[in-house]
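>>> coords below, sequence missing:
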DNA sequence: CATCGTCATGTCAGTCACTGACGTCAGTGA
DNA sequence: TCACTGACGTCAGTGACTGACATGACGATG
């Protein structure tokens, strides 16, 4: 028999999500989470670099999805077309791996806490930078690449926020397409 | 004679900036800053809510400049024209109150630390939200307002980063105008 | 089958950011 | 003269996070 029950990271993740939803992020200590998962506090920090990290585990998935879509966009496509392509591809993949209800719970936790919103912003900024870098690698001018990266993140973030809003039933990609159209109209005016 | 030397907040600010630049943000403790300013640690937290706050003091100045410019934009202007107007007004004001070299020092400190970059992102997000709200108050549709707020922040942030880049000599507003043109080209393509 | 290293965890002691409660005393106004 | 306030000090915490070291099940290797 194993000395310890396996899957400590998953147990910690689950316990953290439950406790954050029940009592809030700030009012649940790492010790609480560890106890609920049946490990010590030290073990928590062996699996997650800090208390917030437990909510941002699969961070790289989204980033690599966006970057991969940019790299895989058809040659000769305009920068905006590449952005649209990446939004479609990554948005579709996100819907496949993430349940909407689960995303709503997590979204509520993050929205309720400043430190978590800060972390979410950083994640998005990293994605924007990675997309910009991928565009530069395709030959886009530096200034345009930076702007396009920000633009992609703006459309995605706004679409995602609306996707998890209560009562919303549309596809994430549909919302993204709509917002991209709104952006075109905005800049063309 | 006064019981304590006046201007504790200013002394703390100065000491913090100097120590951060010399030894880095993480490796200088609040106790160090307080000692350098001739007060106790407790007093530091009476003036600044947390260790990072000492670098983000005049945060509201920029926000109110942007919001004020949006509110003061000519009636009937398109959303993009309002954004351009706000960038010009706030960018110009920023250059008047902030020395470029000082901004470079602060920028280097912030760039060197993740926690500080997170905070900077949050500040920008707040500005985007405030600008979006001001646009909605003028009658802009919610989706367009959110996108326009993000767009303004994207242009400003990129322009500001280039403004404090080593060797850069152009005006902040000139860089902003150039980036806004690049954005128009990007979306029109 | 004995032994040896690895790996995930526990244990312990410590640093540092941040907070609440309370005391102190110069200045200010009645 | 006296009560009050504002700005600070003092003290005793809590909680996030880290480094160093111990432990014991497991797989590999002889």
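Okay, I see it. Source: prediction; values computed, not measured. Residues are numbered from 1 along each chain as shown, chains lettered A, B, ... in the order given.
>>> contacting residues around residue A:163?
Listed by CB atoms under 8 Å, 6 or more residues apart in numbering or on different chains, the contact partners of residue A:163 are A:100, A:103, A:170, A:172, A:175. Where you see a C-beta, it was placed from the backbone N, CA and C, and this is true even at glycine.
>>> Could you measure from residue A:21 over to chain B?
23 Å (CB to the nearest CB, to the nearest Å).
>>> Can you tell me the SS state at residue A:57?
coil (DSSP: H, G, I helix; E, B strand; the rest coil).
>>> For it, what are phi and psi?
phi -60, psi -60 (degrees, to the nearest 10).
>>> Let me know the pLDDT of it.
On pLDDT, residue A:57 comes in at 85.
>>> Also residue A:3?
So residue A:3 comes in at 88 (pLDDT).
>>> How many residues are close by it?
4 (other CB atoms under 10 Å in any protein chain shown).
>>> Tell me the secondary structure at it.
Classified using three-state DSSP, residue A:3 is coil.
>>> Check the gap between it and chain B for me.
Taking CB to the nearest CB, one finds residue A:3 at 35 Å from chain B.
>>> Could you do residue A:138 as well?
14 Å.
>>> For that residue, give me its contacts.
A:70, A:71, A:82.
>>> what's the answer for residue A:147, then?
B:154, B:155, B:158, B:179, B:182, B:183, B:186.
>>> from those, which two are the most distant?
B:158 and B:186 (12.2 Å; CB to CB).
>>> how about stretch A:40-58: buried residues?
A:43, A:44, A:47, A:48, A:51, A:52, A:54, A:55, A:56 (16 or more other CB atoms under 10 Å in any protein chain shown).
>>> which residues touch it?
A:8-9, A:12-13, A:16-17, A:20, A:25, A:30-31, A:33-34, A:37, A:106, A:109-110, A:115-116, A:119-120, A:123.
>>> And stretch A:95-114, by the same measure?
A:17, A:20-21, A:24-26, A:55, A:61, A:116-117, A:119-120, A:161, A:163-164, A:166, A:171-173, B:122.
>>> Now that stretch: buried residues?
Within stretch A:95-114, judged by 16+ other CB under 10 Å, the buried ones are A:98, A:103, A:106, A:107, A:109, A:110, A:113.
>>> quick one: it to chain centroid distance?
Here stretch A:95-114 is found 9 Å from its chain centre; the criterion is CA atoms, centre = their mean, to the nearest Å.
>>> That stretch vs DNA strand D: in contact?
No. Figure legend: stretch A:95-114 not in contact with DNA strand D (CB under 7 Å from any atom of the strand); closest approach 12.0 Å.
>>> first to last residue in that stretch, what's the distance?
26 Å (CA to CA, to the nearest Å).
>>> is any part of it close to DNA strand C?
No. Using CB under 7 Å from any atom of the strand, stretch A:95-114 stays clear of DNA strand C, coming no nearer than 11.2 Å.
>>> just checking, next helix/strand downstream of the helix or strand harbouring residue A:12?
Using DSSP states H and E, residue A:12 falls within helix A:8-23. Using DSSP H and E, the helix or strand that directly follows helix A:8-23 along the chain is helix A:30-37.
>>> Show me what that following helix is packed against.
For helix A:30-37, the elements it packs on are helix A:8-23, helix A:41-47, judged by 3 or more CB pairs under 8 Å, 6 or more residues apart in numbering or on different chains; DSSP states H and E.
>>> Near DNA strand C, which residues of chain A? Just list them.
With CB under 7 Å from any atom of the strand as the criterion, chain A meets DNA strand C at residues A:4, A:8, A:38, A:39, A:40, A:42, A:43, A:46, A:47.
>>> if you set the cut-off to 10 Å instead, what comes out?
By CB under 10 Å from any atom of the strand, the residues of chain A that approach DNA strand C are A:2-12, A:26, A:34-35, A:37-47, A:115.
>>> Next to DNA strand D in this structure, residues from chain A, please.
Close to DNA strand D, as judged by CB under 10 Å from any atom of the strand, chain A has residues A:1-4, A:25-34, A:40-46, A:48-54, A:115.
>>> who touches stretch A:180-189?
A:83-84, A:87, A:151, A:154-155, B:78-81, B:141, B:143-144, B:147-148, B:151, B:183-184, B:187-188.
>>> Distance from the chain centre to stretch A:144-164, please.
11 Å.
>>> Next, the buried residues of it.
Neighbour-count burial for stretch A:144-164 [16+ other CB under 10 Å]: A:144-160, A:162-164.
>>> Of the residues you listed, which belong to strands?
The members of those all map outside strands under DSSP state E.
>>> Walk me through the domains of chain A.
A:8-54, A:58-188 (automatic domain parsing).
>>> So which of the contacts of residue A:163 sit within helices?
A:100, A:103, A:172, A:175 (DSSP state H).
>>> Turn those residues into TSV, columns for pLDDT.
Supplementary listing: the ones in helices among the contacts of residue A:163 in TSV, determined by pLDDT from 0 to 100:
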residue	pLDDT
A:100	94
A:103	94
A:172	97
A:175	98
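>>> Just the closest of those residues to residue A:136, please.
Among the ones in helices among the contacts of residue A:163, and counting by CB to CB, the member closest to residue A:136 is residue A:172, at 26.9 Å.
>>> separation between the closest one and residue A:165?
Applying CB to CB, to the nearest Å, the value for residue A:172 to residue A:165 is 12 Å.
>>> Of the two, which one has the most company?
Counted by other CB under 10 Å, residue A:172 and residue A:165 do not tie: residue A:172 has more neighbours, with 24 against 11.
>>> ok, that one touching residue A:159?
Yes. Between residue A:172 and residue A:159 there is a contact under CB atoms under 8 Å: 6.1 Å.
>>> roughly how far out does stretch A:125-140 sit from the chain middle?
Worked out by CA atoms, centre = their mean, stretch A:125-140 lies 17 Å from the chain centre.
>>> Hmm, I typed the wrong one, I wanted stretch A:89-97.
The answer for stretch A:89-97 is 11 Å, by CA atoms, centre = their mean.
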